[in-house]
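**Q** Turn this into a structure:
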Amino acid sequence: MSDENQKNGHNLHVVDSQGDGRPVVLIHGWPLSGASWSEQVPALKDAGYRVVTYDRRGFGQSDPGDGYGYDALADDLDNILTDLDLSDVTLVGFSMGGGEIARYVSRHGEDRLHSVVFAAAVPPYLLQSDDNPDGPLTVEAAGEMRAGLEQDRDAFFDEFTTAFFSAGDDLKVTEEQRQDAITLAQQSDQEAALGCMEAFGTTDFREDLPKITVPTLVIHGDSDGTVPFEGSGKRTHEAIEGSELVVVEGGPHGLNVSHADEFNRALLAFLEK
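**A** A predicted model of the protein is given here:
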């Protein structure tokens, strides 16, 4: 069946392939949109899965919301699963999207879930503090990010997408792919972009992660300079009992694009279980 583009009753832009297979819901990273899964959607559809993507509130083609904390974002996810009446779902959360998964399970449970995937994801807790010394995001760096976005969006997104797709100083995608990401970033509402930046940088998921009992895959690039593996993916893997871990050698933050074949192989192998 062809994809169906729709706004659900909560003014979120949803694309549902309406396939007959198990549903896979892809939750995008900041500051992009559901279109950032373009390397994954065809592979998943070809493998027979029903693929659902959506734009987070205030991003892509979704309307802005009245707040951008993870409780509200997780409730948006719950609304989509409920509106589409999805069950036996695999949630795949990239970067910021991993936070929605953690908070969704904490708030709404696992009745609708088959499994979950944390891809280059922000949990358990990015912000470095006295009780979170392993957090990879310093208060100073968070402040610089916010100031950069407030002062010059174009320059900020140019620099951010370069780091997003780079391992060290080596850009791992084509310039066209990087420009595509900038185009998606530019679609974001400024208030939403700032609110979600605050959310992913400062939300503590350490009490959410142990509540996850469904099969879990953590996939992360070892050269991720945006959400470093040691402070995020490694700790998430350790926090979720029985989770599987795939570390992609040379993978930057945006490894679902730069290392799409390797990413898709790992994802499809996990989905078959």
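**Q** drop to CA atoms for contacts and neighbour counts, all remaining ones
**A** Will do.
**Q** Need the pLDDT of the most centrally placed residue in the chain.
**A** Compute the mean C-alpha point of the chain, and by CA atoms, centre = their mean the closest residue is F94, 2.3 Å away. Note for F94: predicted pLDDT of 98.
**Q** Give me the contacts around the helix or strand bottoming out on mean pLDDT in the chain.
**A** Counting by mean pLDDT, DSSP states H and E, the weakest-scoring helix or strand in the chain turns out to be strand 4-7, with a mean of 72. Residues outside strand 4-7 that contact it (CA atoms under 8 Å, 6 or more residues apart in numbering): 13-18, 62.
**Q** just curious, which of those residues is nearest to W37?
**A** When these are ranked by distance to W37 (CA to CA), V15 comes first, at 11.4 Å.
**Q** Could you measure from the nearest residue to the closest one once chain neighbours are set aside over to A141?
**A** Nearest residue to V15 in three dimensions, chain neighbours excluded: N5, at 4.6 Å (CA to CA, 6 or more residues apart in numbering). Noted for N5: a distance of 37 Å to A141, by CA to CA, to the nearest Å.
**Q** go on, P228?
**A** Applying CA to CA to P228 and A141 gives a distance of 14 Å.
**Q** Looking at these two, which one has more neighbours?
**A** For P228 versus A141, neighbours defined as other CA atoms under 10 Å are more numerous around P228 (23 against 12).
**Q** list the contacts for that one?
**A** 136, 222.
**Q** Quick check, pLDDT for it.
**A** So P228 comes in at 98 (pLDDT).
**Q** Got phi/psi on the residue of the chain positioned farthest from its centre?
**A** Farthest-out residue of the chain from its mean C-alpha position, per CA atoms, centre = their mean: D130, at 26.5 Å. Dihedral angles of D130 (phi, psi; degrees, to the nearest 10) stand at phi -60, psi -40.
**Q** Check what pLDDT it gets.
**A** Confidence score, pLDDT, at D130: 97.
**Q** Quick check: which element contains the residue nearest to Q40 when sequence neighbours are not counted?
**A** Spatially, and ignoring its direct neighbours in sequence, Q40 is nearest to N264 (6.5 Å; CA to CA, 6+ apart). In the assignment (DSSP states H and E), N264 maps to helix 260-271.
**Q** Residues contacting that helix, please?
**A** 39-40, 43-44, 47, 90, 217, 219, 246, 248, 255-256.
**Q** Would you mind listing the buried residues in the helix or strand harbouring G99?
**A** G99 is part of helix 97-108, with elements assigned from DSSP H and E. By neighbour count on 16 or more other CA atoms under 10 Å, the buried set for helix 97-108 is 97-106.
**Q** closest to R178 among those residues?
**A** Set against R178, the nearest of the buried residues of helix 97-108 by CA to CA is G97 (19.8 Å).
**Q** pLDDT below threshold where in the stretch 151-273 of the chain?
**A** By pLDDT under 70, the stretch 151-273 of the chain has no low-scoring segment.
**Q** Now do the helix or strand containing V51, average pLDDT.
**A** Secondary structure assignment for V51, by DSSP H and E: strand 50-54. Average pLDDT, strand 50-54: 98.
**Q** and it, what does it pack onto?
**A** Packing contacts for strand 50-54, counted by 3 or more CA pairs under 8 Å, 6 or more residues apart in numbering; DSSP states H and E, involve strand 13-16, strand 23-27, helix 41-46.
**Q** Same list (those) but as TSV, adding distance to A239 and mean pLDDT.
**A** Shown next, in TSV, are the helices and strands packed on strand 50-54 (distance: least, CA to CA, whole Å; pLDDT from 0 to 100):
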stretch	distance to A239	mean pLDDT
strand 13-16	31	97
strand 23-27	21	98
helix 41-46	28	98
